[in-house]
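> Here is my input, please return the structure:
(one chain, ligands or ions: 1)
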Amino acid sequence: MSVETVPLPLPPTLDASKVKGVDPSSIDPNSEQFKEIEQLLYKHSILVFRNAIISPERQFALAKAFDPTAENFGHGNNKIEKDKQNILNRTLRGIPRVPQVQLIGNGIVHDYEGFPGEMRLEHPSHHTWHKTHLSPEDEAAGYTRFVRWHMDAALYDLQPPRVTTLYGRVVPKGPKQIVRYDDGTGDELEVPLAATAYASGKIMFELLPRELKSVAVRGRVQYAPHPYVWVSTAKARSTALAMEAEGKEVPLDNLPPWEESKIQITPMLWKNPVTGDLHFQVHPYCVAEVFIDALPEGTSRDDALYPDGAHLTDLQEVRDLLYKMQRPAISPQFVYPHDWHENDLIVFHNRGVMHSVTGTLQPDQVRAYHQCNLAASDSPVGPDEEDMQKWV
Ligand SMILES: [Fe+2]
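Reported below is the predicted structural model:
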């Protein structure tokens, strides 16, 4: 039986689909049905299963089906909880009996999935992360911000997960809010309360002018060691797409012990294993350095940027370049803010899209979501020879 999909009301540039007639908690990873779903995921980037009732065990099994030899959560099992300096420490809690599945959310839950007693969850807020903040009056009027545009990935030692599964078990209710970009463009985006916002890495590449496409196809980024500790003392720009370069990062000598061999360098563009499309996949606030290869001999140098190649180590320069490349794709017309229904399960191509939490929640607005992604068994693949010839 073929799997039925229904397009979601998306910006025309971001493909995603609602999957009908499939129970995601009982998919056999070896079945034809799973193979079809896997193809659909890489083709559409985001799959939504409505009315899914899925245990943490089955959610882990579903994530694992996309990468059968992957075993551990994308940041390692039970690691973030012990690392107080990590910026994710306040928001992720590994479910005790299935530590690959993280509880995220807001408000108070009781005796939840093996967590004893009362537990307070904290919705990520731009107040703890951005350099500038909305005023109380703006927030009362329904304005909010993106919190952090990112992929789910440790970016040190562990490989970026192929997919993330996100299950909305308790969904907060309330009026829509308006994301304000506050970057001088006047851009705003109306979003359902606490929507997860998605932007396509494929579109991010396609929107680039020719000369930046050439940089992207020749470019690699190097992430800082323990990047989520490294940026913990810095502040983000108002669009949540980059950090301000103010020299506030934790000095490398003050980080937890790290090894050169575990530092990650990845291509700027990651090749979709099913469609062959190139997705611009860079986790902007964890990048420390950029490498750009020289143009191959015989290539036209007209209007070319970095024709002789470059190694950028100045954080302002690194961040300004990446921001110029990534900002167009988070413009309102390209962003899909998912309107969560209780028991929605989203599976998204974590190597093909960026996402951000949005919204401002009050302490009594309970949100309990289960997130599972797994440190991958392989590294992302960059552009091939044909891509280089086409875009360089
Ligand atoms: Fe995430």
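> Show me where the stretch 251-392 of the chain dips below the pLDDT cut-off.
Under the criterion pLDDT under 70, no range of the stretch 251-392 of the chain is flagged.
> repeat that for 90
In the predicted model of the stretch 251-392 of the chain, residues 298, 300, 302-303 satisfy pLDDT under 90.
> ranges for the helices of it?
Ranges of helices in the stretch 251-392 of the chain, per DSSP state H, counting those that start in this stretch, are 315-326, 385-391.
> Just put those in CSV and tack on mean neighbour count.
Just so you know, the C-beta spots here come from the backbone N, C-alpha and C atoms, and that holds for glycine as well. Listed next are the helices of the stretch 251-392 of the chain as CSV, based on neighbours: other Cβ atoms under 10 Å:
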stretch, mean neighbour count
helix 315-326, 18
helix 385-391, 13
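> Can I get these in TSV including distance to residue 209?
Listed next are those as TSV, based on distance: least, Cβ to Cβ, whole Å:
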stretch	distance to residue 209
helix 315-326	10
helix 385-391	12
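> who wins for proximity to residue 32 among those helices?
Closest approach to residue 32 among the helices of the stretch 251-392 of the chain (Cβ to Cβ): helix 385-391, 30.5 Å.
> What are the contacting residues of the closest one?
If you take Cβ atoms under 8 Å, 6 or more residues apart in numbering as the criterion, helix 385-391 is touched by 213-214, 216-218, 269, 271, 278, 296, 383.
> and which of those residues is nearest to residue 322?
Distances from residue 322 to those, taken by Cβ to Cβ, are shortest for residue 216, at 10.3 Å.
> and the closest one, how many residues sit next to it?
Residue 216 is flanked by 20 other residues according to other Cβ atoms under 10 Å.
> Repeat that for residue 333.
Residue 333 has 10 nearby residues by other Cβ under 10 Å.
> again, but for residue 119
Other residues within reach of residue 119, judged by other Cβ under 10 Å, total 17.
> doesn't it fall inside a strand?
Yes - under DSSP: H, G, I helix; E, B strand; the rest coil, residue 119 falls within a strand.
> from now on call the first residue 55
From this message on, residue numbering opens at 55, which makes the last subject residue 173.
> in this protein, which residue is closest to the centre?
Among the residues of the chain, the one closest to the centroid is residue 205, at 2.4 Å (Cα atoms, centre = their mean).
> Pop out the phi and psi values for that residue.
phi -110, psi 160 (degrees, to the nearest 10).
> Would you mind measuring from it to residue 151?
27 Å (Cβ to Cβ, to the nearest Å).
> cool, residue 252 as well?
30 Å.
> who has more neighbours, those two?
residue 252 (26 against 11).
> contacting residues around that one?
Here residue 252 is in contact with 68, 70, 99-100, 389-392, 402, 407-409 (Cβ under 8 Å, 6+ apart).
> what's around the residue nearest to residue 349 when sequence neighbours are not counted, how many residues?
In this structure, residue 349 finds its nearest non-sequential neighbour in residue 361, 4.9 Å apart by Cβ to Cβ, 6 or more residues apart in numbering. Residues within reach of residue 361, counting by other Cβ under 10 Å, total 16.
> was I right about residue 361 contacting residue 347?
No - using Cβ atoms under 8 Å, residue 361 is not in contact with residue 347, being 10.5 Å away.
> related to what we said a few turns ago, wait, the residue nearest to the centre of the chain touches residue 216, no?
No - shown here, residue 205 and residue 216 do not form a contact pair, counting by Cβ under 8 Å, at 10.8 Å.
> between those two, what contacts are shared?
Joint contacts of residue 205 and residue 216 (Cβ under 8 Å, 6+ apart) are 404-405.
> Tell me which residues touch residue 199, please.
180, 184, 188, 233-236, 292, 294, 412.
> Of those residues, just say which sits nearest to residue 261.
Once Cβ to Cβ is applied, the member of the contacts of residue 199 that ends up nearest residue 261 is residue 235, at 16.3 Å.
> quick one: which of the helices of the stretch 305-446 of the chain is nearest residue 106?
helix 369-380 (31.4 Å).
> Most remote residue from the middle of this protein, which is it?
Farthest out in the chain is residue 352, which, by Cα atoms, centre = their mean, sits 37.5 Å from the centre.
> Contact partners for that residue?
Residue 352 neighbours (Cβ under 8 Å, 6+ apart): none.
> Mind jotting down where the helices sit in the stretch 55-204 of the chain?
Assigned by DSSP H, counting those that start in this stretch, the stretch 55-204 of the chain shows helices spanning 86-98, 110-119, 190-194.
> okay, now the domains of the protein?
58-255+389-427, 262-382 (automatic domain parsing).
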